[in-house]
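>>> below: sequence and its predicted model.
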Amino acid sequence: MDYERIAELLFPESKEGTEYYEEKYPPRDLPEGAKVTRLGPSPTGFIHLGNLYGAFVDERLAHQSGGVFFLRIEDTDDKRQVEGAVKMITDSLAFFGINFDEGAFAEGDVGNYGDYTQSHRAPIYHAFAKKLVAEGKAYPCFLTEEEIEKIREAQEEAKLTPGIYGKYARDRELGFDDVKANIEAGKPYVVRLKSTGKPETEDGRRIKVKDAIRGILDMPENYHDVVILKKNGIPTYHFAHAVDDHLMRTTHVVRGAEWLPSLPIHEELFRQLGFELPIYCHTAQLMKLTPEGNKRKLSKRHDPELSLGYYREQGYHPEAVREYLLTILNSNYEEWRAANPDADIDEFEFTTEKMSNSGALFDLNKLNDVSKDTLLRIPAPELYDFLYGWAKEYRPEAENALQDREYTEKILDLGRHDQKPRKDFICASQMLDFISYFFDDLYKADEHDELPAEVPAEDVPVILEKYLATYDHSDDQSQWFDKIRGIATELGYAAKPKDYKKNPDQYKGHVGHVSTVIRIALMGRSQSPDVHAIQQIMGEEMVRRRIGAWSI
């Protein structure tokens, strides 16, 4: 068979041999053990939690080993492209601390292993496809869609796996003259890999592939003659990723478990091309619990938290999201964090061995708990910068209120250095709502917080009038609370909650009910940090104005 003449016929424009590209993209000069990883999103601009989840693994593996993490844009499906998508991808990931060493950027490529956009690499793919054809490992297939459909129907009737393989691969051994005649007749064709595999029913072999998360994977070999070049000359994902990962010298491929069925195809492609197979890391799928307690995959349609935009809009601090992702990525992270509460997150030694190979459960409530701990470690000046920057973008109506940096930092630091520090903050949107009562422009009473039932309506203005009459902004906390206790006992309330609990018939209520009236008048809510500390930050003028408005 004259395979070389067929290769020249199919690829007359392909003048550079594969040796040229092997020399152009030599093995990387990196320290021993350094890992090279990549993220390969399609340019849709939609970047979701699963992308961040995988990118975090990529970034940690590369940077903890002194390696390289690069961005490759996989745009062979031109129907899905969105203008400005690359910038959206890099900006979204950079916000969460995921930065690339090289790759495709909005401003242009960075690095010596580009072009990093697949649609720009056609000559490279054609060179390697030409080599496969010349070696008798690939061939042009002129089957029409109608013919393929008839083959599929016959296979289904015979209860066989649908596909082009074995006797169904009609054009496998077409000679040069037949190929030339078909091309001259204008017949469209794809290029297929000539698989060396057989179905298991015909004594097909099994392959064993090392997975860094799941151990040794034992699977049936591929036996399908998969398409490597489409009719328009664009490579399939399978072929493009094999060529690119080899030439870009990728050592570890991190991808979701949904790619496991494709592994036999990729193993054969690497083998037929003469490439060393990278180490695959098939991550667990992100799951969530339904109200009924069942697990299901996160979905774009039903789960807004799948989109990274959700976390930016809500104002989750990127450090909190990173912390949380590590709790579901590595089983020993929480133990490490408990032992190293003040350590930088990058000091944690991330390993694929500690990753789950079953569904990773995403829990928004757990993220909120992690976020509370994370924000507690962030100093007030940094927290202010984060909140102010978020408000400018997502709550511009609050920007003016937050401009007094010194005042706002005092608010953000309230109760965070106590013996038992307060963990009030979860995300910027919640933070802004939580501290809104400190600002007249943002103040809004909580409709759900009613006055204590133990306090008769007629007592409310009396309590507030007496409070204003005795109020001295210079009182320390003890002096301040003694005055509230005096008001309470004067009006028939117990000086201590335990006294009221012991003899409820002797009192209207207790001092806590009286102080709640003051708290609601001042802040519009029944729960808050220490009222005395709040007043010291607010200043006497605001305190008197707020209480006075309620006592009328």
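Perfect, thanks for sending it.

>>> any chance you could map the helices in the stretch 151-300 of the chain?
Counting by DSSP state H, counting those that start in this stretch, one finds helices in the stretch 151-300 of the chain at the ranges 176-184, 237-247, 263-273.

>>> tell me where the stretch 301-450 of the chain has helices.
308-314, 318-329, 333-339, 364-377, 380-394, 405-412, 428-435.

>>> show me which residues of stretch 129-142 are buried.
Residues of stretch 129-142 classed as buried by neighbour count (16 or more other C-beta atoms under 10 Å): 129-134, 136-142. (C-beta placed from N, C-alpha, C; glycine too.)

>>> one step back: buried deepest among the helices of the stretch 151-300 of the chain, which one?
Ranked by mean neighbour count, those are led by helix 237-247 with a mean of 22 (mean count of other C-beta atoms under 10 Å).

>>> helices or strands up against it?
Packing contacts for helix 237-247, counted by 3 or more C-beta pairs under 8 Å, 6 or more residues apart in numbering; DSSP states H and E, involve helix 122-134, strand 227-229, helix 263-273.

>>> so that helix versus helix 263-273, what angle?
Helix 237-247 runs at 50 degrees relative to helix 263-273, counting by axes from the mean of the first three to the mean of the last three C-alpha atoms, to 10 degrees.

>>> flag the shaky bits of the stretch 51-200 of the chain, pLDDT-wise.
Along the stretch 51-200 of the chain, the model assigns pLDDT under 70 to residues 78-80.

>>> give me that answer again for 80
In the predicted model of the stretch 51-200 of the chain, residues 77-81, 200 satisfy pLDDT under 80.

>>> next one: the chain
1, 44-46, 77-81, 200-204, 293, 359, 445-449, 550-552.

>>> distance to K180 added to the helices of the stretch 301-450 of the chain, as CSV?
Output for the helices of the stretch 301-450 of the chain, formatted as CSV (distance: least, C-beta to C-beta, whole Å):
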stretch, distance to K180
helix 308-314, 52
helix 318-329, 54
helix 333-339, 61
helix 364-377, 62
helix 380-394, 61
helix 405-412, 76
helix 428-435, 66
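
>>> save those as TSV, and put in mean neighbour count and distance to F69 too.
Below are the helices of the stretch 301-450 of the chain laid out as TSV (neighbours: other C-beta atoms under 10 Å; distance: least, C-beta to C-beta, whole Å):
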stretch	mean neighbour count	distance to F69
helix 308-314	18	18
helix 318-329	21	15
helix 333-339	13	20
helix 364-377	17	23
helix 380-394	17	25
helix 405-412	17	34
helix 428-435	20	28
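
>>> that older thread, quick one: which two of the buried residues of stretch 129-142 are the most distant?
By the measure C-beta to C-beta, K131 and F142 form the most distant pair in these, at 21.2 Å.

>>> how about CSV for the helices and strands packed on helix 237-247, with distance to A158 added?
As requested, the helices and strands packed on helix 237-247 are arranged in CSV below (distance: least, C-beta to C-beta, whole Å):
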stretch, distance to A158
helix 122-134, 30
strand 227-229, 23
helix 263-273, 22
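
>>> do you know which of these lies nearest R152?
For R152, the closest of the helices and strands packed on helix 237-247 is strand 227-229, at 14.7 Å, according to C-beta to C-beta.

>>> elements contacting that closest one?
Packing partners of strand 227-229 (3+ C-beta pairs under 8 Å, 6+ apart): helix 122-134, strand 190-193, helix 237-247.

>>> could you export those as TSV, including distance to N365?
Formatted as TSV, the helices and strands packed on strand 227-229 follow (distance: least, C-beta to C-beta, whole Å):
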stretch	distance to N365
helix 122-134	47
strand 190-193	48
helix 237-247	37
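
>>> how many neighbours does L464 have?
22 (other C-beta atoms under 10 Å).

>>> residues touching it, list them.
L464 sits next to 517-518, 521, 547-548, 550-551 when contact means C-beta atoms under 8 Å, 6 or more residues apart in numbering.

>>> mind putting the residues you listed in CSV, distance to R485 and neighbour count included?
Formatted as CSV, the contacts of L464 follow (distance: C-beta to C-beta, whole Å; neighbours: other C-beta atoms under 10 Å):
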residue, distance to R485, neighbour count
V517, 14, 26
I518, 12, 22
A521, 18, 23
I547, 18, 20
G548, 22, 13
W550, 20, 20
S551, 19, 16
